[in-house]
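Chemist: Structure for this input, please:
(2 chains)
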Number of protein chains: 2
Amino acid sequence: MAEQKKMVEEITSMDVDFAKWYTDVVKKAELCEYTSVKGCMVLRPYGYAIWENIQRIMDNMFKETGHENVCMPMFIPESLLQKEKDHVEGFAPEVAWVTHGGNEELEERLCVRPTSETLFCEHYKSIVHSYRDLPKLYNQWVSVVRWEKTTRPFLRTREFWWQEGHTIHATAEEAREETIRMLNVYADFCENVLAIPVVKGVKTEKERFAGAEDTYTIEALMHDGKALQSGTSHYFGDGFAKAFGIQFQDKDNQLKYPYQTSWGTTTRLIGAIIMTHGDDNGLVLPPKVAPIQLVVIPVASHKAGVTETAQAIYARLNKICRAKIDNSDNSPGWKYAEYEMKGVPLRLEIGPRDIENNQCVIVRRDTREKYFVSLDELEAKVPELLDAVHNGMYEKALARRTEMTYTAHNFEEMKDIADNKPGFIKAMWCGDRACEDKLKEEIGVTSRCIPFEQETISDVCVCCGKKADKMLYWGKAY
Amino acid sequence: MAEQKKMVEEITSMDVDFAKWYTDVVKKAELCEYTSVKGCMVLRPYGYAIWENIQRIMDNMFKETGHENVCMPMFIPESLLQKEKDHVEGFAPEVAWVTHGGNEELEERLCVRPTSETLFCEHYKSIVHSYRDLPKLYNQWVSVVRWEKTTRPFLRTREFWWQEGHTIHATAEEAREETIRMLNVYADFCENVLAIPVVKGVKTEKERFAGAEDTYTIEALMHDGKALQSGTSHYFGDGFAKAFGIQFQDKDNQLKYPYQTSWGTTTRLIGAIIMTHGDDNGLVLPPKVAPIQLVVIPVASHKAGVTETAQAIYARLNKICRAKIDNSDNSPGWKYAEYEMKGVPLRLEIGPRDIENNQCVIVRRDTREKYFVSLDELEAKVPELLDAVHNGMYEKALARRTEMTYTAHNFEEMKDIADNKPGFIKAMWCGDRACEDKLKEEIGVTSRCIPFEQETISDVCVCCGKKADKMLYWGKAY
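Modeler: The predicted structure follows:
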């Protein structure tokens, strides 16, 4: 018996220890596993399949908005990294350095890309000469390396997988439009594909990407009330172009500096899925990226006709969604727990009595609601239920975010909320860096963004009491 | 005028200087570009789009044969690389070493993966315990780094993109079957997708992959008569399992070592496409991986109805193939040359007279044959023509390979062929490493493989004259 079945083990409850719950889910759902290189992980088949679905859907959105994929080298010579002052200051302290090739020491150190602005700039310099060469709307899907001290699977790892878009334009206006367009693509993706509501806004100067004139962000709220920055889009102005000497001849025959953007999302989105939708039974996956959307489980499969009927249902449904059938000799109860742990959106149970009644039972992962569905209506019902799961997950996450978003009018009120009520805090800010630093130090919150959708909570800064006309989202963040 | 049109520049003829022709094509077709890191390249949109098509089609073939994708870290600790003796000897001299993370020196050097057997072994050790955990049929699409001295775009670069399959099995027999299965997948892919005929066989011991018991290969013949190893599949026996201490409990309750394989193909396949099919007008792309399969070119587009008709044809054809329309103000002649350079399989010309006759002209890139096609029959004709291009390209490459494959019975004859007739040489071999070394040194040829399809050319070794029962393919290779 010991070898016959692996047991579905219990995981820590999220209310008891959220961090432990998170790592239990990551491990038990077989999403990833650590390696002997600290902070580097193996993406296991189930975790990688989620990432493949994210890539496929997002890549289509990029192509629909006119972008092309390329691939840059993984190495950046030290001198190239140093060309843009703010950028190198931001990244040099956390890069991995290659110093030797085989047995020979390199003449110049190479860093493993932490991000690829410098490589794209070098390339643009060699291929952009005329206004006719613009814009270039490029993206790449690669991994990058940042030598972080503290790491957690998906949320902060030394190597992580991402896409980085890098575009170059003839005018500032066009580049700004691109920056916002891609932020909107990210928000659309999070809400309509991952069922994660996000707040769109712009970062304060303190939280900007190294080298950017403006950094836009989408911020999501996790189950434990912490914020997760889930995608960013940067407007660079012509700063990189000037640092790298990229110029083009415009229609008026003048030599001009072009304007650039970059934007990225990472495997961190998988962390966002886990912490937005998961529960004490494990993962809850948004149907659009779930590797398995529906699992067919035969009940009392030794009875005449059950296996055959289950197989026939699987064959029908696999044509319209990503279906799986589990014919293993594990008990139905074991299988229920297993596919709940893996977050499969729909479970279809079919046994002898169901067959007599020409029906089956479909159970939603998100709500555990049961539906009795006629076998004649499966092709119509399953897509409806998948949509219902997506919508239900989104509404639930949105309701929780609303419930966990607080408003603070002054320092004391803000401190009380931050100490006692996990979540977003909306509060006014005067625009002074000193107030931002003080709120971080004394209350432990960082500014998440200045949201596009502004509200007037008061007319004074939550920190210093001086005149303020900006409302910010604040929070503790991953 | 200078800014109005870029000119289609001439490229070096392949008969004049094949190496120069090759780099001209790579550059002019905008497949890739060098960077400031020697031997590392940028895959440009057109080159990357070919790689994306290769990935998509091959990945489907992997999934159809039961494989799952994963992603391993890019770093291998030095101690992990050293666990399998032959493997480390083969790769250590050509790896890039990371010695610092940020400002701190690492306790142990990490190499950037040159290949990932050691990482997969570490992972298998942690997830394989019982026969129920076997087999694992994994693959990953990543880039790897080998610090080569001499580099050429696609053929030999310090960083290159590839897929590496790594599988682990309960029995030697199963692992051997897998090794051959994947070699057959590669051969199928080369012939039926890339239109490149290949010879399947096994490598001699000298040419084996570091750590393998057997290395199987597919070998293609390039336009200049040089061989290109285009994919390899390795059988490891239980050597890696023993070195890494991977064991599983079998059905009989005994602890056993599992058996492993690995197999890979790289962006080198793009080099194979260029050198197998290209001509003095540039690239000739196999339709199945061509980013653009058909380009619509309006002729005399200022005449009434031309632009509209061309656009309507494009809209129709874009539903059944990867089509493009070029409405730019460049001349038709310029466009013909441009899309020939880019290897687009079919060019569709449509002008006022064609419209009167309810027809258009379609020109094949591979043969330059012209077809007058009724506008009512486009949806039927275009797929037929794409198939015809694929088949024509394959037949042409096969005929050239047949023509350039010679038979040598003794040393003198072999030397004469090697000196004067570029191509494959079929010759018998006694199995002695000394003969292999001598043929390399004195004639300049290496053993490409012991083909599965054996012929008896004589019963003595082409080198030493002793008894021989193996026929080998020999050649000069990339």
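Chemist: quick one: secondary structure of whichever residue of the stretch 301-450 of chain A sits closest to chain B?
Modeler: Of all residues in the stretch 301-450 of chain A, A:S328 sits closest to chain B, at 9.9 Å by CB to the nearest CB. To be clear about C-beta, it is placed using only N, CA and C from the backbone, and glycine gets the same treatment. Of the three states, A:S328 takes coil under DSSP: H, G, I helix; E, B strand; the rest coil.
Chemist: Return the residue spatially closest to it, with its sequence-adjacent residues excluded.
Modeler: Excluding the flanking residues, the one nearest A:S328 by CB to CB, 6 or more residues apart in numbering or on different chains is A:K335, at 7.6 Å.
Chemist: Next up, phi/psi of that neighbour, please.
Modeler: phi -60, psi -40 (degrees, to the nearest 10).
Chemist: thinking it is in contact with A:N327, fair?
Modeler: No. In this structure, A:K335 is not within contact of A:N327 by CB atoms under 8 Å, at 10.1 Å.
Chemist: Who has more neighbours out of these two?
Modeler: The residue with more neighbours, out of A:K335 and A:N327, is A:K335; 19 against 13, by other CB atoms under 10 Å in any protein chain shown.
Chemist: for that one, what are its contacts?
Modeler: A:K335 sits next to A:V295, A:I297, A:D326, A:S328 when contact means CB atoms under 8 Å, 6 or more residues apart in numbering or on different chains.
Chemist: where does chain A have low pLDDT?
Modeler: A:1-9 (pLDDT under 70).
Chemist: Any figure for the gap between the residue located most distally from the centre of it and A:P352?
Modeler: For chain A, the residue at maximal distance from the C-alpha centroid (CA atoms, centre = their mean) is A:A304, at 46.2 Å. Distance, A:A304 to A:P352, using CB to CB, to the nearest Å: 8 Å.
Chemist: try A:N281
Modeler: Here the criterion is CB to CB. By it, A:N281 lies 27 Å from A:P352.
Chemist: For the stretch 351-478 of chain A, which segments count as helices?
Modeler: Shown for the stretch 351-478 of chain A, the helices assigned by DSSP state H, counting those that start in this stretch span residues A:352-356, A:378-403, A:411-420, A:433-438.
Chemist: nearest to A:D86, of the ones you listed?
Modeler: The closest of the helices of the stretch 351-478 of chain A to A:D86 is helix A:433-438. By CB to CB, the value is 15.7 Å.
Chemist: Angles on the backbone of A:N358, please.
Modeler: Backbone torsions for A:N358, taken as degrees, to the nearest 10, come to phi 50, psi 40.
Chemist: Count the neighbours of it for me.
Modeler: 10.
Chemist: Let me know whether it touches A:V373 as I believe.
Modeler: No. Using CB under 8 Å, A:N358 is not in contact with A:V373; the gap is 10.1 Å.
Chemist: With A:E413 as the reference, measure out to the residue of the stretch 301-450 of chain A closest to chain B.
Modeler: Look at A:S328 and A:E413: by CB to CB, they are 56 Å apart.
Chemist: swap in A:V198?
Modeler: Noted for A:V198: a distance of 26 Å to A:E413, by CB to CB.
Chemist: what residues go with each domain of chain A?
Modeler: Chain A resolves into domains spanning A:18-75+A:115-277, A:294-389, A:405-475 when parsed by automatic domain parsing.
Chemist: Quick check: which of those is buried the most?
Modeler: Burial among the domains of chain A, expressed as mean neighbours by mean count of other CB atoms under 10 Å in any protein chain shown, is greatest for domain A:18-75+A:115-277, which shows a mean of 21.
Chemist: Would you mind measuring the gap between the ends of that one?
Modeler: 13 Å (CA to CA, to the nearest Å).
Chemist: and that domain, anywhere near chain B?
Modeler: Yes. Judged by CB under 8 Å from any CB of the partner chain, domain A:18-75+A:115-277 and chain B are in contact via A:33, A:35-37, A:40-45, A:48-49, A:51-52, A:68-75, A:119, A:122-123, A:126-127, A:130, A:132, A:138, A:142-143, A:145, A:147, A:158-159, A:161, A:249.
Chemist: A:E349 - that's part of a strand, no?
Modeler: Yes. Judged by three-state DSSP, A:E349 forms part of a strand.
Chemist: Can you name the residues bridging to the closest residue in space to it that isn't next to it in sequence?
Modeler: Sequence neighbours aside, A:V361 is the residue nearest to A:E349 in space, at 4.4 Å (criterion: CB to CB, 6+ apart). With DSSP bridges as the criterion, A:V361 is bridged to A:E349, A:F372.
Chemist: mind checking how far A:V361 is from A:A304?
Modeler: 19 Å.
Chemist: the strands in the stretch 101-250 of chain A, which residues?
Modeler: Ranges of strands in the stretch 101-250 of chain A, per DSSP state E, counting those that start in this stretch, are A:104-112, A:136-145, A:159-169, A:199-202, A:214-221, A:227-237, A:248-249.
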